[in-house]
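# need a 3D model of the following:
(chains A, B and C)
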Amino acid sequence: MSSSNLSSMIKINTPRDFNFEECLVFLDRSNQELLHRIKDGYLYKLIKVDQELILLKISYKIDALNVEFPLGDPSKNARKLAAEFIVDWFDLEQDLADFYEMALYDNILNQIASKYRGLRIIGIPDLFEALTWAILGQQINLKFAYTLKKRFVERFGEGLMFEGETYWLYPSFDRIAEIDIEHLRELQFTVRKAEYVIGVAKAMSKGELKKENLLKKQDYLPIHNYLTNMRGIGAWTADYVMMKCLHQRSAFPITDVGLHNAIKFQLGLEGKPTINEIKEMALNWTGWEAYAVFYLWRSLYD
DNA sequence: ATCCAGGAACTGT
DNA sequence: ACAGTTCATGGA
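The predicted structure follows:
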């Protein structure tokens, strides 16, 4: 038997209520993004599992994601971890039937839930990336947040050239744990942002902060309390990370400005709703706050 | 050019 | 417990 020149492919079956196109719209929202690339209908992303660099080339066909490996065949174990990464990234283990049921009679979600049906929370499976991306985005507009991220990744991340394009890995916490505040000041981080990012990197590098330990806590409050006890992580950041990394359906970054704008637009309000008004509106969302927020964020990109 | 935005920590009451 | 201030920059 001669070996094939073609890389092997894996298939990941997708659950009902999955729409790849809708997920791509969200992934394509910034032209400054450098941690994935959409080209000719394929989604590319570089990941590292078990010390192996793997370039994922993902497409969708009939109830499954097809994943190709343009750099060549990863080991069997790496392929398994890559598949787990994708399930995590697209939140494929979630059954959304109850969310859509709830949204049917919800003033705010009614239209967008059916319009974007099949959109899943596009996560940030890497805890360090989720936390520090949230910290980067604190207090500034999204465009500048992407500028900071681009500088950060290009300066401290790992890049790989393939067919004329560079694919990037987010910087590792071990690398960031050993740099100084001035190195981030050069990239126009504020002193505070730099302190927070390096602080999180050190906590993770020492093994004090681990995704698996947070997931073990299971419930909303213990996780939220643990996160907000860390310097630089307030309620908004904790909820953002619980939503994007820890699959907490009740995570609810209620002070988020994008959320406020989206609600204002959906209801045709004159001004932004107050926090108390949002609390009132969100009573109906109990258990699905994270998906409500995500769909509202998506509505900002139409 | 001037002002405002806007998460989190810090400061003061 | 709660209100006001500071950070430091981009964008209106």
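# now name the helix or strand holding the closest residue to A:Ile179 other than its chain neighbours.
The shortest distance from A:Ile179 to any non-neighbouring residue, by C-beta to C-beta, 6 or more residues apart in numbering, is to A:Ile198 (6.7 Å). From N, CA and C alone the C-beta is placed, and that goes for glycine too. A:Ile198 is located in helix A:191-205, with elements delineated by DSSP states H and E.
# surely A:Glu158 is in contact with A:Asp174?
No: the criterion here is C-beta atoms under 8 Å, and A:Glu158 misses it with A:Asp174 at 11.9 Å.
# who has more neighbours, these two?
A:Glu158 (15 against 12; other C-beta atoms under 10 Å).
# please report how far the closest residue to that one other than its chain neighbours lies from A:Ile198.
Excluding the flanking residues, the one nearest A:Glu158 by C-beta to C-beta, 6+ apart is A:Leu169, at 4.3 Å. In this view, A:Leu169 and A:Ile198 are 19 Å apart by C-beta to C-beta, to the nearest Å.
# look at those two and report which has more neighbours.
Each of A:Leu169 and A:Ile198 has its neighbours counted (other C-beta under 10 Å); A:Ile198 has more, 23 against 19.
# count of neighbours near the residue nearest to A:Met281 when sequence neighbours are not counted?
Nearest residue to A:Met281 in three dimensions, chain neighbours excluded: A:Ile108, at 6.1 Å (C-beta to C-beta, 6+ apart). As a burial measure, A:Ile108 scores 22 neighbours (other C-beta under 10 Å).
# please parse chain A into its domains.
A:9-93, A:127-244 (automatic domain parsing).
# quick check: which of those domains is nearest to DNA strand B?
Taking C-beta to the nearest atom of the strand, domain A:127-244 is the member of the domains of chain A nearest to DNA strand B, at 2.4 Å.
# chain center to that closest one, what's the gap?
Averaging C-alpha positions (C-alpha atoms, centre = their mean, to the nearest Å) puts domain A:127-244 12 Å from its chain's average.
# pull up the distance across that domain, start to finish.
End-to-end distance of domain A:127-244 (C-alpha to C-alpha, to the nearest Å): 9 Å.
# that domain near DNA strand B at all?
Yes: for domain A:127-244, a contact with DNA strand B is found by C-beta under 7 Å from any atom of the strand, at A:134, A:138-140, A:192, A:228, A:230-238.
# who in chain A is up against DNA strand C?
A:139-141, A:143-144, A:188, A:190-192.
# 6 Å - rerun?
Chain A comes close to DNA strand C at residues A:141, A:143-144, A:188, A:190-192, as judged by C-beta under 6 Å from any atom of the strand.
# pull the most distant pair out of these.
Using C-beta to C-beta, these span at most 21.6 Å, a distance reached by A:Lys143 and A:Val191.
# rewinding a little: ok, now how distant is the residue nearest to A:Met281 from A:Leu46?
37 Å.
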